[in-house]
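> Everything below, folded, please.
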Amino acid sequence: MFMVSTNGKVKCMICGANLGRITALHLWLKHSVTMEQYKDRFPGAEIVPGYTPREKGDIACLICGEKLHRITATHLSSHQITMAEYREKFPYARIVSEKDVSTMDRAFENYPSRTLS
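Residues are numbered from 1 along each chain as shown. Below you'll find the predicted structure:
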């Protein structure tokens, strides 16, 4: 289902543009769709040439589409933005994957609660 142009770029399945990678920014600004909507609409579409997604449950950076366990300030620095700017630009974006949230929940289940007296 996916198409890769002969010059090693990925073809956007919506507009046909040849891109180095399909980014959330391209999808949102040009087509008003999220990366998840694009993947749902074109399940076999290649986002980055030769890219294999990590485990299911990871989240995608809405700027570059990279799959991560969590969006970090270090990752965002590669886009020259801060965490506050990312949250302002994408107010409903997940910052931590559900997998990491459940791992953190399990880690704190047996942690003794501390209350102020």
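> Now for Y38: which residues touch it?
Residues in contact with Y38 (C-beta atoms under 8 Å, 6 or more residues apart in numbering) are M13, I14, I22, L27, H31, A45. From N, CA and C alone the C-beta is placed, and that goes for glycine too.
> before we move on, what about W28?
Going by C-beta under 8 Å, 6+ apart, W28 touches T34, L62.
> among the contacts of Y38, who's most crowded?
Neighbour tally across the contacts of Y38 (other C-beta atoms under 10 Å): the maximum, 27 neighbours, falls on I22.
> if I look at that residue, how far off is M83?
Separation of I22 from M83 (C-beta to C-beta, to the nearest Å): 24 Å.
> buried stuff in stretch 65-77?
G65, E66, K67, L68, I71, H75, L76 (16 or more other C-beta atoms under 10 Å).
> hmm, who's touching it?
Residues from elsewhere that reach stretch 65-77 (C-beta under 8 Å, 6+ apart): 21-24, 35, 47-48, 53-54, 58-61, 63, 82-83, 85-86, 93-97, 99-100.
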